[in-house]
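> Need coordinates for the below:
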Amino acid sequence: MIVIVAGIGNLPGVIVAAMGLGAAENYAGFILGAEYQGAFVYILLVFILIWRNQWLKRQRRYLS
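Residues are numbered from 1 along each chain as shown. As a prediction, this is how the structure comes out:
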């Protein structure tokens with residue numbers, strides 16, 4: 001999941017994504033409880049993928 005968030009071939013992004021997802025998972029485990037800890041990470045992954053898709057759509061430029 002970390003490479004999905006960071007992108008393939010982006011070592012600094014992988015390190016930041018690993019730290020961020022780890023911190024978010026621990027925070028969710030503390031706030032929501034251990035039973036929702038894994039579900040929170042998957043929901044966060046879905047939101048990140050939706051956000052990245054919208055961001056990439058705005059950056060596309062078509063040559064005329």
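> hey, let's count contacts and neighbours off CA atoms from now on
Will do.
> Now the element after the helix or strand of the chain with the lowest mean pLDDT, going C-ward?
Every helix and strand of the chain was ranked by mean pLDDT, DSSP states H and E. The lowest is helix 2-6, at a mean of 68. Where DSSP states H and E defines the elements, the next helix or strand beyond helix 2-6 is helix 11-31.
> which helices and strands sit right next to that next one?
helix 2-6, helix 37-59 (3 or more C-alpha pairs under 8 Å, 6 or more residues apart in numbering; DSSP states H and E).
> Can you say which of the ones you listed is packed in most?
Most buried of the helices and strands packed on helix 11-31 by mean neighbour count (mean count of other C-alpha atoms under 10 Å) is helix 2-6; its value is a mean of 16.
> so which of the helices and strands packed on helix 11-31 comes closest to I15?
For I15, the closest of the helices and strands packed on helix 11-31 is helix 2-6, at 8.3 Å, according to C-alpha to C-alpha.
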